[in-house]
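**Student:** Dropping a prediction and its sequence here:
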Amino acid sequence: MNKTSDSTLNSLYHAVVKRNPGESEFHQAVREVFDSLGPVLRKYPEFGTHKIIERICEPERQIIFRVPWQDDAGQVQINRGFRVQFNSALGPFKGGLRFHPSVYLGIIKFLGFEQIFKNALTGLPIGGAKGGSDFDPKGRSDDEIMRFCQSFMTALHRNLGEHSDVPAGDIGVGTREIGYLFGQYKRLTGRYESGTFTGKGLDWGGAKVRKEATGYGAVFFLREMLAARGDTIEGKTCIVSGAGNVAIYAIEKLQQLGGKVVACSDSRGFIHDAHGLDLDLIKEIREVERHGIEEYVAHHKRASYTPNRRLWHVPCQIALPCATQNELGGDDATTLVQNGCIAVAEGANMPVTPDGMRILLNAGIAFGPGKAANAGGVATSALEMQQNASRDTWDFEFTETRLAEIMKGIHRRCHETAEEFGTPGNYVKGANTAGFIRVARAMVALGLI
Ligand code: NDP
Ligand code: 2IT
């Protein structure tokens, strides 16, 4: 019986690989979820009868489009745009847009697939989607960013709506880009439909705490994992990869809770400051000037900059990968373990490779997978949708309290599900299992659609 469901999952995995050739990140995300599902199929044989797994791996709709735009020199540029509307069993499609030159269908599908289960774990009514473009915003002027966003939205706007598909930000897409995208959507539809986007500016329909939510949420999840082991963040040495939206607000919350963050990175290198990072300076360099993190050392002579983005050898007790997929591999995980690391929470999506994850779990480190640990961003997006629907605005404290409660609920769900399915303390199994069951039940209830 056990063997049957495992061999079924194995052949389903090979079918996914064959059907989606060349999409290695998507295969990786599917494999990880399938590795958790054997016991689920045994407990709920109806999921097999209803072909939930086959259906969940096939996006409901995939949109690929041309994005032509003109640069400041008057040259025509062509990029490719994507929106993968993966699953709407629990609510309107929901998930961010990524602008990065590495974007192709396999990345958007891995992100969209993960988003289904992440969104399910929040307990809120949101389906899963992801989109983006291979457009590289680096070094582009404000006008170029605006023209690109307008062209992107001209192609995509018909497929969006507050009850159908609600994008937000991700790598390379922040409040500025959401502004240009929303502006063009409003112009094309003639409607001030705030609920079609989240991550908006606070003056035009945005929600307090959304900017901070993913980083804060990851630290709230970390706090819960440590509390389950009778420990706290107070006094711990921490390192955080990335210096973008998620990393900055993860650092902020770690510091507020008494952690000492000594290193962070960007795509080119990392800074190390044994006194603890000066976050106001990092915000100024990254959010205001949009410069590289190496500028930090010009202001703090005591700090060092290393032109290599891998910072995992910096000794720490807590590590938060908050930059990008597959940034922490097997060797990095071994180094973390050897240096006495006790907890890793994924602020980014799939930052730890399968090898890395195996090593961290085998070492008994508290490991929070992205689906659970970084769900605070999308959960607060759902709170933004609630405020837009009721034309209300909540204050910072109230919204942050809601976020903390949601992260506590996600932790509890993962923890209890891992125990129920015989893998206590394994949040990877807990998150995959709990997220999958919620979506699968809804799919069965909604019939064959
Ligand atoms: P940002 O664009 O704000 O920041 C990304 C950071 O990661 C930058 O420091 C960037 O460096 C670095 N980075 C990006 N790509 C690479 C790469 N290929 N190699 C090395 N470094 C890289 O993005 P976010 O902070 O929003 O997103 C970070 C991660 O968090 C992503 O995995 C995203 O999917 C995930 N996430 C984001 C959420 C959100 O609400 N924004 C919600 C949940 C997850 P540089 O500036 O030099 O390019
Ligand atoms: O990966 C993610 O969860 C996000 N980029 C945020 C998605 C959202 O809709 O807020």
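**Tutor:** Done, it's in. Numbers count the residues shown, from 1 in each chain. Ligands and ions are numbered 1, 2, ... in the order given.
**Student:** Tell me if the host helix or strand of Val344 is near ligand 1.
**Tutor:** Under the criterion of DSSP states H and E, Val344 resides in strand 343-345. No: judged by Cβ under 6 Å from any ligand atom, strand 343-345 makes no contact with ligand 1; its nearest approach is 11.7 Å. Heads up, the C-betas are built off the backbone N, CA and C, glycines and all.
**Student:** In the stretch 251-400 of the chain, what residue comes closest to ligand 2?
**Tutor:** Among the residues of the stretch 251-400 of the chain, Ser381 lies closest to ligand 2, at 3.4 Å counting by Cβ to the nearest ligand atom.
**Student:** Might one say that that residue is in contact with Thr198?
**Tutor:** Yes: counting by Cβ atoms under 8 Å, Thr198 is a contact partner of Ser381 at 3.7 Å.
**Student:** who touches both of the two?
**Tutor:** Val166, Ala168, Ala207, Arg210 (Cβ atoms under 8 Å, 6 or more residues apart in numbering).
**Student:** returning to what we had before: average model confidence for the strand holding Val344?
**Tutor:** The average of the pLDDT scores along strand 343-345 is 99.
**Student:** Tell me, how many residues neighbour Gln255?
**Tutor:** With neighbours defined by other Cβ atoms under 10 Å, the count for Gln255 comes to 17.
**Student:** Could you check the helix or strand harbouring it and say which residues are buried?
**Tutor:** Assigned by DSSP H and E, Gln255 belongs to helix 245-256. For helix 245-256, burial by neighbour count (16 or more other Cβ atoms under 10 Å) applies to Asn245, Val246, Ala247, Ile248, Tyr249, Ala250, Ile251, Glu252, Lys253, Leu254, Gln255.
**Student:** Could I get the contacting residues of the residue of the chain found nearest ligand 2?
**Tutor:** Proximity to ligand 2, evaluated over the chain using Cβ to the nearest ligand atom, is greatest for Gly96 at 3.0 Å. Residues in contact with Gly96, defined by Cβ under 8 Å, 6+ apart, are Leu111, Lys130, Gly131, Gly132, Pro167, Ala168, Gly169, Asp170, Val173, Gly199, Gly377, Val378.
**Student:** hmm, try it at 7 Å
**Tutor:** Lys130, Pro167, Ala168, Gly169, Asp170, Val173 (Cβ atoms under 7 Å, 6 or more residues apart in numbering).
**Student:** Tell me the pLDDT of it.
**Tutor:** For Gly96, the predicted pLDDT is 98.
**Student:** Before we go further, it is sitting in a strand, right?
**Tutor:** Yes: counting by DSSP: H, G, I helix; E, B strand; the rest coil, Gly96 falls inside a strand.
**Student:** Contact residues of the stretch 151-300 of the chain facing ligand 2?
**Tutor:** Ala168, Asp170, Thr198.
**Student:** remind me which residues of this protein are low pLDDT?
**Tutor:** Applying pLDDT under 70 to the chain picks out residues 1-4.
**Student:** Which single helix of it contains the most residues?
**Tutor:** Longest helix in the chain, counting residues (DSSP state H): helix 396-420.
**Student:** which other helices and strands contact that helix?
**Tutor:** helix 210-228, helix 376-389, helix 427-446 (3 or more Cβ pairs under 7 Å, 6 or more residues apart in numbering; DSSP states H and E).
**Student:** packing partners for the helix holding Gln255?
**Tutor:** Using 3+ Cβ pairs under 7 Å, 6+ apart, helix 245-256 sits against helix 210-228, strand 237-241, strand 260-265, helix 279-283.
**Student:** what residues does the stretch 1-150 of the chain put near ligand 2?
**Tutor:** Residues of the stretch 1-150 of the chain lying near ligand 2 (Cβ under 6 Å from any ligand atom): Lys94, Gly95, Gly96, Gln115, Lys118.
**Student:** Swap in 8 Å and give it another go.
**Tutor:** Counting by Cβ under 8 Å from any ligand atom, the stretch 1-150 of the chain comes close to ligand 2 at Lys94, Gly95, Gly96, Arg98, Leu111, Glu114, Gln115, Lys118, Asn119, Ile126, Lys130.
**Student:** so which of the residues you listed comes closest to Gly269?
**Tutor:** Arg98 (22.0 Å; Cβ to Cβ).
**Student:** for the nearest residue to that closest one once chain neighbours are set aside, what are its contacts?
**Tutor:** In space, Arg98 comes closest to Gly132 once its chain neighbours are excluded; the distance is 3.6 Å by Cβ to Cβ, 6 or more residues apart in numbering. Contacts for Gly132 (Cβ under 7 Å, 6+ apart) come out as Phe82, Leu97, Arg98, Phe99, Val103, Ile108, Asp170.
**Student:** Generate CSV for those, with secondary structure, distance to Glu46 and neighbour count as supplementary columns.
**Tutor:** Formatted as CSV, those follow (DSSP: H, G, I helix; E, B strand; the rest coil; distance: Cβ to Cβ, whole Å; neighbours: other Cβ atoms under 10 Å):
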residue, secondary structure, distance to Glu46, neighbour count
Phe82, strand, 33, 25
Leu97, strand, 35, 30
Arg98, strand, 35, 24
Phe99, strand, 41, 27
Val103, coil, 37, 26
Ile108, helix, 31, 30
Asp170, strand, 34, 29
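**Student:** Also within reach of ligand 1: list those from the residues you listed.
**Tutor:** Within the contacts of Gly132, those near ligand 1 by Cβ under 8 Å from any ligand atom are Arg98, Asp170.
**Student:** will you turn the contacts of Gly132 into TSV that also has distance to Asp355?
**Tutor:** What follows is these, written out as TSV (distance: Cβ to Cβ, whole Å):
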residue	distance to Asp355
Phe82	28
Leu97	30
Arg98	24
Phe99	29
Val103	24
Ile108	24
Asp170	25
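**Student:** Mind telling me which residue of the stretch 151-300 of the chain is nearest ligand 1?
**Tutor:** Counting by Cβ to the nearest ligand atom, the stretch 151-300 of the chain gets nearest ligand 1 through Gly244, at 1.7 Å.
**Student:** Could you work out the end-to-end span of stretch 230-248 for me?
**Tutor:** Across stretch 230-248, the terminal residues are separated by 27 Å (Cα to Cα, to the nearest Å).
**Student:** Show me how far that stretch is from its chain's centre.
**Tutor:** 16 Å (Cα atoms, centre = their mean, to the nearest Å).
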